[in-house]
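**Student:** Give the three-dimensional model of this entry:
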Amino acid sequence: MAQILVVDDEVGIRELLSEILADEGHQIELADSAGEARRCRERKRPDLVLLDIWMPDTDGITLLKEWAASGQLTMPVVMMSGHGTIETAVEATRIGAMDYLEKPIALQRLLSTVKKALRSVEAAGSTHLTLGVLGRSQVMADTKKRLSQLAQSGAPLLLRGERGMRGEPFARILAAPGVPFATTAEVLGNPSSELLAGAAGGILFVPDLAVLSRNERKNLEFVLGRTERYKLRIVSFCALDAKVLVAQHEFEPELLERLSELTFKLPALRQYAEDIPDLAGLLLVNFMNARACPQRRLSVAALNALRHHAWPDDFAELDGAIKDLALTSLEEEIQLEDVERVLAGRNAPPPPPDLRFDRPYREAREEFEKMYFENLLAKENGSMSRVAERAGLERTHLYRKLKALGLQVGRREEE
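**Tutor:** Residues are numbered from 1 along each chain as shown. From the prediction side, this is the model:
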């Protein structure tokens, strides 16, 4: 049994659809305008929305765009119209509508469309974070365009990025709607013919090359040899320099070379700060839709504070901060004070490092050097000129040292 919201300004259509769908065992909510639909969406979080295009206050296409832009398009939407055109249907699908029903709606067409939409909800399981509605910043807009161009190739693609970055939302831009998207957790444990056939024509995403076990790397090499047979594309992510990955994680150089036939550097969160309010809203909506917290919304001041934060640990830090805010804020609207409290707590100084002395001298020295430079980079907010001055090193030598230790190079501009 699903909860379905029917939005139409014609009372006869609302009642007819309500009766038909209620007879099928569904719970029905009715709205006669876009304004009422907004309130129902906030209050009930429906599993499916049947949305009329022509309404007196706000048309359905505009409401669909609004939901998409605010991260609230987390349920399938089927558009309805008695005066629709092919162009309207195409636009609605491009924005995010799942299907289009033309009035008068045939009974079997209605039931089959609803059944298909609800099946898609079950198949999706948890809501995946999508970057489709982002693009206020030029950096994000250009990144999406370049990934769309890379989607035309079937060659293995390695996404590079900083510590804390999450590559999967970017990788999903490469997958067309309806195309299989599998992760290594589903395939690399046992890459059987059945699993590969299920992912055929789609993408196999490797979230982090650095954490793959030797057996998983062997299975990944096995899958690489069968990508052409199954029309499968491998997309992977890694935050480490290639030399560090090979030297410290024993990653096979030949395998890495095959995986990085194409390479693309993802932007850090601070580089598309204009999109952080929208991204924060998406993360909060996903968290609420998982029934993990009460109803929440972010105030304008709270969103501005999130936008201006540096986010040294990128996606992982923002995601953690949003979860903290959702669970610890006392009011429905998250305020500036809440953001300041959470960020202050997350940026508290770490406990003194626990140096291990039961290891070879070289390993102990590398561990100390890494902690030493991490501390300097944090204190100087990534300024390479000040870090070089504090460390007493020439800039070129400092860059080489940081890369050898697997640390992200900070800002190159002079302060």
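**Student:** Low-confidence stretches in the chain?
**Tutor:** Applying pLDDT under 70 to the chain picks out residues 70-71, 84-85, 120-128, 185-186, 347-356, 381, 409-415.
**Student:** Okay, the residue of it positioned farthest from its centre and Ile28: tell me how far apart.
**Tutor:** For the chain, the largest distance from the centre (CA atoms, centre = their mean) belongs to Tyr361, which lies 41.4 Å off. Tyr361 is 72 Å from Ile28, where distance means CB to CB, to the nearest Å. Where C-beta positions appear, they are placed from N, C-alpha and C, glycine not excepted.
**Student:** mind listing the strands for this structure?
**Tutor:** Using DSSP state E, the strands found in the chain span residues 3-7, 27-31, 48-52, 77-81, 99-102, 157-160, 181-183, 203-206, 233-238, 262-265, 297-298, 333-334.
**Student:** Could you export these to TSV, including columns for distance to Glu254?
**Tutor:** Shown next, in TSV, are these (distance: least, CB to CB, whole Å):
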stretch	distance to Glu254
strand 3-7	52
strand 27-31	56
strand 48-52	49
strand 77-81	47
strand 99-102	46
strand 157-160	14
strand 181-183	23
strand 203-206	16
strand 233-238	15
strand 262-265	16
strand 297-298	47
strand 333-334	49
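**Student:** Can you say which of those strands is nearest to Arg386?
**Tutor:** Taking CB to CB, strand 262-265 is the member of these nearest to Arg386, at 24.8 Å.
**Student:** Tell me how many other residues surround the residue nearest to Thr328 when sequence neighbours are not counted.
**Tutor:** Closest residue to Thr328 apart from its sequence neighbours, by CB to CB, 6 or more residues apart in numbering: Val342 at 7.1 Å. When neighbours are counted by other CB atoms under 10 Å, Val342 registers 23.
**Student:** ditto for Leu107
**Tutor:** Other residues near Leu107 come to 9 when the count uses other CB under 10 Å.
**Student:** State the distance from the closest residue to it other than its chain neighbours to Ala106.
**Tutor:** Spatial nearest neighbour of Leu107, excluding adjacent residues (CB to CB, 6+ apart): Ile20 at 6.8 Å. Per CB to CB, Ile20 is found 11 Å from Ala106.
**Student:** which ones are touching Ser236?
**Tutor:** 156-159, 167, 205-206, 209, 259 (CB atoms under 8 Å, 6 or more residues apart in numbering).
**Student:** let's see it at 7 Å
**Tutor:** 158-159, 206, 209, 259 (CB atoms under 7 Å, 6 or more residues apart in numbering).
**Student:** do the same with Pro191
**Tutor:** Listed by CB under 7 Å, 6+ apart, the contact set of Pro191 reads 219, 222-223.
**Student:** switch the cut-off to 10 Å
**Tutor:** 184, 199, 204, 216, 218-220, 222-223, 226 (CB atoms under 10 Å, 6 or more residues apart in numbering).
**Student:** So between Ile20 and Ala106, which is more surrounded?
**Tutor:** For Ile20 and Ala106, the more surrounded residue by other CB under 10 Å is Ile20, and the numbers stand at 16 against 12.
**Student:** hang on, isn't the more buried one packed against Arg109?
**Tutor:** No - if you go by CB atoms under 10 Å, Ile20 and Arg109 don't touch, sitting 11.6 Å apart.
**Student:** With neighbour count as new columns, can the contacts of Ser236 be given to me in JSON lines?
**Tutor:** Listed next are the contacts of Ser236 as JSON lines, based on neighbours: other CB atoms under 10 Å:
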{"residue": "Leu158", "neighbour count": "23"}
{"residue": "Leu159", "neighbour count": "26"}
{"residue": "Val206", "neighbour count": "28"}
{"residue": "Leu209", "neighbour count": "24"}
{"residue": "Leu259", "neighbour count": "23"}
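**Student:** Looking at the residues you listed, spot the one nearest Ala68.
**Tutor:** Nearest to Ala68 among the contacts of Ser236, with distances taken as CB to CB, is Leu159, at 24.5 Å.
**Student:** beta partners for that closest one?
**Tutor:** Beta-bridge partners recorded for Leu159 (DSSP bridges): Phe237, Phe264.
**Student:** thinking it is in contact with Ile203, fair?
**Tutor:** No - in this structure, Leu159 is not within contact of Ile203 by CB under 10 Å, at 11.7 Å.
**Student:** quick one: common contacting residues for these two?
**Tutor:** With CB under 10 Å, 6+ apart, Leu159 and Ile203 have common neighbours 171, 174, 235.
**Student:** Now do the contacts for the last one.
**Tutor:** Put plainly, it is Val235. Residues near Val235 by CB under 10 Å, 6+ apart: 150-151, 156-159, 167-168, 170-172, 174-175, 181, 203-206, 259, 262, 264.
**Student:** do the same with Leu195
**Tutor:** 182, 186-189, 204, 223, 230.
**Student:** ranking those by neighbours, who comes first?
**Tutor:** Leu204 (28 neighbours).
**Student:** Could you report the distance from that residue to Arg39?
**Tutor:** Computed as CB to CB, the Leu204 to Arg39 distance reads 42 Å.
**Student:** what about the closest residue to Leu336 other than its chain neighbours, how many residues close to it?
**Tutor:** Closest residue in space to Leu336, ignoring its immediate chain neighbours: Ala301 at 3.9 Å, by CB to CB, 6+ apart. The number of residues packed around Ala301, counting by other CB under 10 Å, is 15.
**Student:** same check, this time on the one 4 residues further on
**Tutor:** Ala305 sits with 20 neighbouring residues when counted by other CB under 10 Å.
**Student:** Count residues in the vicinity of the residue nearest to it when sequence neighbours are not counted, would you?
**Tutor:** Counting by CB to CB, 6+ apart, Val339 is the residue found nearest to Ala305 once chain neighbours are left out, at 4.3 Å. Neighbour count of Val339, defined by other CB under 10 Å: 25.
**Student:** shouldn't Val339 be in contact with Val300?
**Tutor:** No - here Val339 does not reach Val300: they are 11.6 Å apart, not a contact under CB under 10 Å.
**Student:** I'd say Glu366 and Leu407 touch.
**Tutor:** No - in this structure, Glu366 is not within contact of Leu407 by CB under 10 Å, at 11.3 Å.
**Student:** from the contacts of Ser236, which is closest to Asp314?
**Tutor:** Closest to Asp314 out of the contacts of Ser236 is Leu159 (13.1 Å), distances taken as CB to CB.
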